[in-house]
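Chemist: Only the shape, not the letters, is given here:
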């Protein structure tokens, strides 16, 4: 069996890759490069010159070749490698007529616990979504910002005492709204510097959050480690890292309790499996980052099912539009739903997602995808402080 073509498919807010073979098997993957999908598409076109004519089942060899062939790498390139890798595993599963997780060692579990996405521009709006998610059976709820999801075109300013005080009080209200039957997954989105992150984490500790995600920027692992040493709330991080070596450094510095590899960014299923093994050897748990389309979810499920140290899977909801427009949209009508990208999604009931049973990663792209949902670049917009400087949000 040989690869005959590698095709980029840009639709709505997503970039998919299809790998064709001379035996008629087609693999599907997705890149997680967010606002720079065109750059990732360019990398795919370069990888294509190597892949055509190759045996698609030599997955590890191709991963090593693509990963090590340049002196320089970037998120755009790793997103491209990830998409190709997912597609190759999809082909392998279809070739052997089995879900990918059976090629990774088989099932460690029969269903996958997920956490729902909630958020809002006001505390009351967020609490209403929290209660709704609990009523729907979710036992873990995330993307919970202590600072709300305010519009990025609104200049920001709060004095320190009010900012941190309101944030701590808000998390307390979240806990009060759902009781102890729901795990709260707190998302800070690298918003704070270490000193402020320590104050916030210790302030919300009495409300027993499951974890606090990215309390500081991910680029300086030493800063993350400093926060981890001084707080009692577990840190989750890793969505901005894109290779196993970066996760190894994170682990050596004891900077996280939960690792968050993005299967569409960290080297695909192959990269995620390597990172999960590193985590297992160091008694750490894995919470895959999963903010993209159901193709990403399908790939994440293969990892979640097959590793022993899986904790939770991020699940933004297939009925929702892309996250880049969700909070700016007025309901589902304001954006294309994630499930419209594919022919069928996976059931989610009482906070658990059913696992794929079809060969490969178990999902297929919708027909006439590009024509029905033309590609739209994610807007380049970040929030500014009232003084005109850049704010992390």
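Modeler: Received it, and whenever you're ready, just let me know what you need. Keep in mind that what you see is a predicted model, and the values were worked out from it rather than measured. Residues are numbered from 1 along each chain as shown.

Chemist: pLDDT-wise, which helix or strand of this protein ranks last?
Modeler: helix 323-326 (a mean of 63; mean pLDDT, DSSP states H and E).

Chemist: Just checking: what are the partner strands of the very next helix or strand once past that one?
Modeler: Where DSSP states H and E defines the elements, the next helix or strand beyond helix 323-326 is strand 348-349. Applying DSSP bridges to the sheet, strand 348-349 is found paired with strand 352-354 (antiparallel).

Chemist: Residue 37: neighbouring residues, count only.
Modeler: Using other Cβ atoms under 10 Å, residue 37 is surrounded by 23 other residues. C-beta coordinates here come from the backbone N, C-alpha and C atoms, glycine included.

Chemist: got a list of what it touches?
Modeler: Counting by Cβ atoms under 8 Å, 6 or more residues apart in numbering, residue 37 makes contact with 10, 14, 15, 31, 79, 377, 378.

Chemist: Just say helix, strand or coil for the nearest residue to residue 91 once chain neighbours are set aside.
Modeler: Leaving aside its chain neighbours, residue 91 sits nearest to residue 27 (3.8 Å; criterion: Cβ to Cβ, 6 or more residues apart in numbering). Counting by DSSP: H, G, I helix; E, B strand; the rest coil, the backbone at residue 27 sits in strand.

Chemist: May I have the phi/psi pair for the nearest residue to residue 238 once chain neighbours are set aside?
Modeler: Spatial nearest neighbour of residue 238, excluding adjacent residues (Cβ to Cβ, 6+ apart): residue 260 at 3.8 Å. Here is the backbone geometry of residue 260 (degrees, to the nearest 10): phi -120, psi 70.

Chemist: do residue 116 as well
Modeler: Main-chain torsions, residue 116, degrees, to the nearest 10: phi -80, psi 160.

Chemist: State the pLDDT value of it.
Modeler: Reported pLDDT at residue 116 in the predicted model: 96.

Chemist: now do residue 331
Modeler: Reported pLDDT for residue 331: 40.

Chemist: What residues sit buried inside the longest helix seen in the chain?
Modeler: Longest helix in the chain by number of residues, with DSSP state H as the criterion: helix 75-96. Neighbour-count burial for helix 75-96 flags 75-95 (criterion: 16 or more other Cβ atoms under 10 Å).

Chemist: Now do that helix: which elements does it pack against?
Modeler: In terms of contacts (3 or more Cβ pairs under 8 Å, 6 or more residues apart in numbering; DSSP states H and E), helix 75-96 is packed against strand 14-21, strand 26-31, helix 37-51, helix 59-68, helix 100-103, helix 268-281, helix 294-306.

Chemist: Can I get the ones you listed in TSV including distance to residue 207 and mean pLDDT?
Modeler: Shown next, in TSV, are these (distance: least, Cβ to Cβ, whole Å; pLDDT from 0 to 100):
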stretch	distance to residue 207	mean pLDDT
strand 14-21	35	98
strand 26-31	35	98
helix 37-51	38	97
helix 59-68	41	97
helix 100-103	35	98
helix 268-281	26	98
helix 294-306	27	98
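
Chemist: Now distance to residue 214 too, for these, in CSV please.
Modeler: Listed next are the helices and strands packed on helix 75-96 as CSV, based on distance: least, Cβ to Cβ, whole Å:
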stretch, distance to residue 214
strand 14-21, 23
strand 26-31, 21
helix 37-51, 22
helix 59-68, 25
helix 100-103, 28
helix 268-281, 17
helix 294-306, 18
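
Chemist: so what's the residue nearest to residue 238 up against?
Modeler: Per Cβ under 8 Å, 6+ apart, neighbours of residue 260: 213, 236, 237, 238, 239, 286, 287, 288, 289.

Chemist: quick check, nearest of the residues you listed to residue 137?
Modeler: residue 287 (19.2 Å; Cβ to Cβ).

Chemist: Just give me the neighbour total for the closest one.
Modeler: The burial count for residue 287: 27, using other Cβ under 10 Å.

Chemist: Show me how the record splits this protein into domains.
Modeler: Here the domain parsing of the chain from automatic domain parsing is 3-99, 102-358.

Chemist: Export those as CSV, with columns for distance to residue 367.
Modeler: As requested, the domains of the chain are exported to CSV (distance: least, Cβ to Cβ, whole Å):
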stretch, distance to residue 367
domain 3-99, 12
domain 102-358, 8
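
Chemist: Out of these, which is closest to residue 371?
Modeler: Closest among the domains of the chain, using Cβ to Cβ: domain 3-99, at 9.0 Å.
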